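Novice: Build me a structure from this.
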Amino acid sequence: MHSQPSIPGARVLEFTAYGRPAPQGSKSRGATGQMRESSEYLANWREAVRLAAARARIAQGWTLAEGPCQLDLIVYVKRPARPASHCELYPAGPPDLDKYARAVSDALTLAGVWRDDSRWVISGILKKWYAGQAGAPADPGAWIRVSEIPKGVLI
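Specialist: You can find the predicted model right below:
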């Protein structure tokens, strides 16, 4: 599933976070009119990614990325009991893949992977897939790879 190689000469941090992926960026109004994230699972998902990233940083000797980075991400979501006909092979319904990526990128900032998610300048792999299908992990979560692009390298 991770067919694209990382960037030659790049520092690489790679890990899997398990939990219920949640989107970030969809807002709804609370009872008093304040705007809040629509997904009730977002805080738990960001924390799962932050913890997995922090463990991977220690295990892999990763230090804070200061330069531009590539983010590769495969999100594994739970397959519904009865997927719509257009969602039989791929989870082609909401939430949007970019909103999952937004939640992951913010969690990587909180984990100290990069100084800020503005360091994320390119994505090589960005997919949404059913957990347990075609070689995917059995449980929902995300495979995450951050590559710090070496100085002077243009991709």
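
Novice: Give me the most central residue, this structure.
Specialist: Nearest residue to the geometric centre of the chain (CA atoms, centre = their mean): Val104, 3.9 Å.

Novice: Which strand or helix spans the nearest residue to Tyr100 once chain neighbours are set aside?
Specialist: Among residues not flanking Tyr100 along the chain, Val75 sits closest, at 4.6 Å (CB to CB, 6 or more residues apart in numbering). The way it works is simple: take the backbone N, C-alpha and C, and place the C-beta from them, glycine included. Using DSSP states H and E, Val75 sits in strand 69-77.

Novice: Quick check: buried residues in the helix or strand that that strand is followed by?
Specialist: Downstream of strand 69-77, the first helix or strand assigned by DSSP H and E is helix 97-110. Judged by neighbour count using 16 or more other CB atoms under 10 Å, the buried positions of helix 97-110 are Lys99, Tyr100, Ala101, Arg102, Ala103, Val104, Ser105, Asp106, Ala107, Leu108, Thr109.

Novice: For Trp143, grab phi and psi.
Specialist: Per-residue torsions, Trp143: phi -90, psi 130 (degrees, to the nearest 10).

Novice: How many neighbouring residues does the closest residue to it other than its chain neighbours have?
Specialist: Counting by CB to CB, 6+ apart, Trp143 lies nearest to Ile74, which is 4.5 Å off, once chain neighbours are set aside. Ile74: 19 surrounding residues under other CB atoms under 10 Å.

Novice: what's the answer for Pro68, then?
Specialist: 18.

Novice: how much space is there between it and Gly135?
Specialist: 30 Å (CB to CB, to the nearest Å).

Novice: residues in contact with the strand or helix carrying Ala59?
Specialist: Applying DSSP H and E as the criterion places Ala59 in helix 42-60. Applying CB atoms under 8 Å, 6 or more residues apart in numbering, the external contacts of helix 42-60 come out as 13-24, 39, 62-63, 103-104, 106-108, 110-113, 141-142, 144.

Novice: and that helix, how far out from the chain's middle?
Specialist: Relative to its chain's centre, helix 42-60 lies at 11 Å (CA atoms, centre = their mean, to the nearest Å).

Novice: Nice, that's everything, thank you.
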